[in-house]
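J.: Sequence first, then the predicted structure:
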Amino acid sequence: MPNTFPDLGINKQLQQSLAALAITVPTDIQCKAIPQILTQTKDIVALAKTGSGKTAAFGLPLLQLMDTKNTSVQAVILVPTRELGQQIHATLVSFASHSPEIAIAAVCGGIPIKPQIERLKTAAHIVVATPGRLVDLLNRKAITLTKTAYLVLDEADEMISALKTDLDSIVAAIPKSRRTLLFTATMPGTIKQLVQNYMSKHVLHIEADMETKGHQGIDHQFVVVAPIEKLDVLLHFLSAKEGERGIIFCKTKAAVNKLAKNLAINKFSSGAIHGSLTQAIRDRVMGQFREGHIAILVATDLAARGLDVKEISYVINYHLPDTYETYVHRSGRTARAGAKGLSVTILQQEEVFEIPEFEEELGIIFNEMKKPDAQSTEENNTLLWAKKIFKTKPNRSISVAFKEKINTVFHHLTKEELIDKILAHQIAQTTVVAPKEEAPSQKKKKK
């Protein structure tokens, strides 16, 4: 198999851009997909894990195939979220840094449409779009796809609901002679139906790095807790991972908000994203996470799409996902670009029976993590209490006279004696009271 980009047929301009980005060795999906896209005419269905380099697998050959003398939209890349669209747009722009004649535009939802309409009045060889926004632009006659030769569906398994509504309109606007390139991390029945409905009969199937369905390099673990212990066990884990970056997935927006509040109370460097937050807030939190200003991201599944950060060392499933495919996408946020990663699922006793089902369906092995004992949990909670005191800002409204009265009480104690007394008082007063978690659903996971 070719092991360099020149071997795959990538031209010199793109090679220069890759060299500047320190990208020298193609991944498995790139080795398998790039020559087929460059030299063949068939539609392609590519199955490859999250983080395996899919953007370069379709992006590099598309850039090379663009006719820069033709200012029409020649390729459309559909993505499930604005965040992923921005990520792909930025990546393609970096790949094209030595090919300035190639014009690339991003038209995604969540931001005003007028600047995008203005952008489309100039040349755009490749357009990265979310389905809803693209349909809106088509309805406004702000974009023309009559010369489009390539349609890419990226993260197709995460885009099913949007595609069901909008794909008919998009496909109707693109010539039947187009090539469709579908990239996905999982192959549920809905994707197979989509392939039958919208792609040619002679589809080329590519599968890469899927021996264990995209989980190489990930240590899958689970810990069984009582509802009252769930938050304490999570906080204990996060304390042990201080200085590392991770993502905590929750099922609902309300759960994200509640957990993010608890992390903030306990002074963890964290942020939250979900669909009900404004785009500006989501962008700010995602930017802070990418740049390392916050260490923990609490998120719903769809909100975290498009996040490509290599240094995510762990993923936590605070709630067991509803589908096997969702677990693939969650755990795929870690162990990117060949790194090692950890995926921890926090379960209640009545959910444990589902672990063998996940193992069988996904071809992976879960190891049980022992939960911390009561003493270790109590010590961690006390340590978090101490950190909260340390990070508490002084109350400037307290009068000097009252401060003097307090000082008089403690003035004869050394620092060590004061700490001993405060610590003893805290431990004596501490009672662990946590709200019960909702009973987990025992609904069978969708395949």
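T.: Everything's here; your move. Remember, predicted model here, so these are calculated numbers, not experimental data.

J.: so who does residue 200 touch?
T.: By C-beta atoms under 8 Å, 6 or more residues apart in numbering, the residues touching residue 200 are 42, 43, 180. In short, each C-beta sits where N, CA and C put it, glycine included.

J.: mind redoing it with 6 Å?
T.: Taking C-beta atoms under 6 Å, 6 or more residues apart in numbering, we find residue 200 in contact with residue 43.

J.: three-state assignment of it?
T.: Three-state call for residue 200 (DSSP: H, G, I helix; E, B strand; the rest coil): coil.

J.: For it, give its distance to residue 192.
T.: 15 Å (C-beta to C-beta, to the nearest Å).

J.: tell me the phi and psi of residue 97?
T.: Here is the backbone geometry of residue 97 (degrees, to the nearest 10): phi -60, psi -30.

J.: Does it touch residue 18 like I think?
T.: No: using C-beta atoms under 6 Å, residue 97 makes no contact with residue 18, being 9.8 Å away.

J.: who has more neighbours, these two?
T.: residue 18 (20 against 15; other C-beta atoms under 10 Å).

J.: can you give me the helices in the stretch 1-150 of the chain?
T.: 5-8, 12-20, 28-39, 54-65, 82-95, 114-119, 131-139 (DSSP state H, counting those that start in this stretch).

J.: Just say which of those helices is most tucked in.
T.: helix 54-65 (a mean of 24; mean count of other C-beta atoms under 10 Å).

J.: Just the pLDDT for the closest residue to residue 169 other than its chain neighbours.
T.: Nearest non-adjacent residue to residue 169, counting by C-beta to C-beta, 6 or more residues apart in numbering: residue 135, 5.0 Å away. pLDDT for residue 135: 96.

J.: cool, and the one 5 residues further on?
T.: Here the pLDDT value assigned to residue 140 is 96.

J.: what about the residue nearest to residue 169, distance to residue 198?
T.: Distance, residue 135 to residue 198, using C-beta to C-beta: 15 Å.

J.: go on, residue 192?
T.: From residue 192 over to residue 198 the distance is 12 Å, taken as C-beta to C-beta.

J.: So for the two, which sits in the more crowded spot?
T.: Using other C-beta under 10 Å as the criterion, residue 192 and residue 198 rank with residue 198 on top: 17 against 11.

J.: ok, that one - contacts?
T.: Contacts of residue 198 by C-beta under 6 Å, 6+ apart are residue 171.

J.: Low-confidence bits of the protein, can you list those?
T.: Applying pLDDT under 70 to the chain flags residues 1-2, 50, 209-216, 303-308, 310, 336-339, 431-447.

J.: quick revisit: closest one to residue 397 among the helices of the stretch 1-150 of the chain?
T.: Nearest to residue 397 among the helices of the stretch 1-150 of the chain is helix 82-95 (42.1 Å), distances taken as C-beta to C-beta.

J.: now the strands for the stretch 301-447 of the chain?
T.: Using DSSP state E, counting those that start in this stretch, the strands assigned to the stretch 301-447 of the chain run over residues 312-317, 341-347, 366-368.

J.: Output those as TSV; include the columns distance to residue 284 and mean neighbour count.
T.: Formatted as TSV, those follow (distance: least, C-beta to C-beta, whole Å; neighbours: other C-beta atoms under 10 Å):
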stretch	distance to residue 284	mean neighbour count
strand 312-317	19	22
strand 341-347	26	23
strand 366-368	35	13
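
J.: Give me the neighbour count for residue 429.
T.: 7.

J.: So that it lines up with my notes, have the first residue be 7 from now on.
T.: Done: numbering now begins at 7, and the last item shifts to residue 435.

J.: The nearest residue to residue 228 once chain neighbours are set aside bridge partners, please.
T.: For residue 228, ignoring the flanking residues on the chain, the nearest one in space by C-beta to C-beta, 6+ apart is residue 351 at 4.4 Å. Beta-bridge partners for residue 351, by DSSP bridges, are residue 228, residue 323.

J.: wait, residue 351 sits on residue 230?
T.: No: between residue 351 and residue 230 no contact is recorded; they are 9.8 Å apart, counting by C-beta under 6 Å.

J.: And the helices of the stretch 7-156 of the chain: which comes nearest residue 427?
T.: helix 88-101 (49.8 Å).

J.: Just the C-alpha atoms of the closest one, please, in CSV.
T.: Only the C-alpha atoms of helix 88-101 are listed here, as CSV (Å, rounded to 0.1, in the frame of the first residue of the first chain):
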residue,chain,number,x,y,z
ARG,A,88,-21.9,24.3,12.4
GLU,A,89,-18.9,23.4,14.6
LEU,A,90,-17.9,20.5,12.3
GLY,A,91,-18.4,22.7,9.3
GLN,A,92,-16.1,25.3,10.6
GLN,A,93,-13.5,22.6,11.5
ILE,A,94,-13.6,21.2,7.9
HIS,A,95,-13.6,24.6,6.3
ALA,A,96,-10.5,25.6,8.3
THR,A,97,-8.8,22.3,7.5
LEU,A,98,-9.5,22.6,3.8
VAL,A,99,-8.2,26.2,3.8
SER,A,100,-5.0,25.1,5.4
PHE,A,101,-4.6,22.3,2.8
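
J.: who's in contact with it?
T.: Outside helix 88-101, the residues that touch it by C-beta under 6 Å, 6+ apart are 23, 61, 65, 69, 85, 110, 112, 114-116, 134, 136, 311-312, 314.

J.: Phi first, then psi, for residue 76.
T.: When read as degrees, to the nearest 10, the backbone of residue 76 gives phi -100, psi 120.

J.: need the strands for the stretch 157-306 of the chain, in chain order.
T.: Here the stretch 157-306 of the chain has its strands, by DSSP E, counting those that start in this stretch, at 185-190, 209-214, 224-230, 251-255, 276-279, 302-305.

J.: With distance to residue 391 and mean neighbour count added, can I get those in CSV?
T.: Below are these laid out as CSV (distance: least, C-beta to C-beta, whole Å; neighbours: other C-beta under 10 Å):
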stretch, distance to residue 391, mean neighbour count
strand 185-190, 46, 23
strand 209-214, 49, 16
strand 224-230, 23, 19
strand 251-255, 21, 24
strand 276-279, 18, 24
strand 302-305, 19, 26
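
J.: how about those strands in CSV, adding distance to residue 337?
T.: Shown next, in CSV, are the strands of the stretch 157-306 of the chain (distance: least, C-beta to C-beta, whole Å):
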stretch, distance to residue 337
strand 185-190, 16
strand 209-214, 18
strand 224-230, 5
strand 251-255, 10
strand 276-279, 18
strand 302-305, 14
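
J.: Done for today, thanks.
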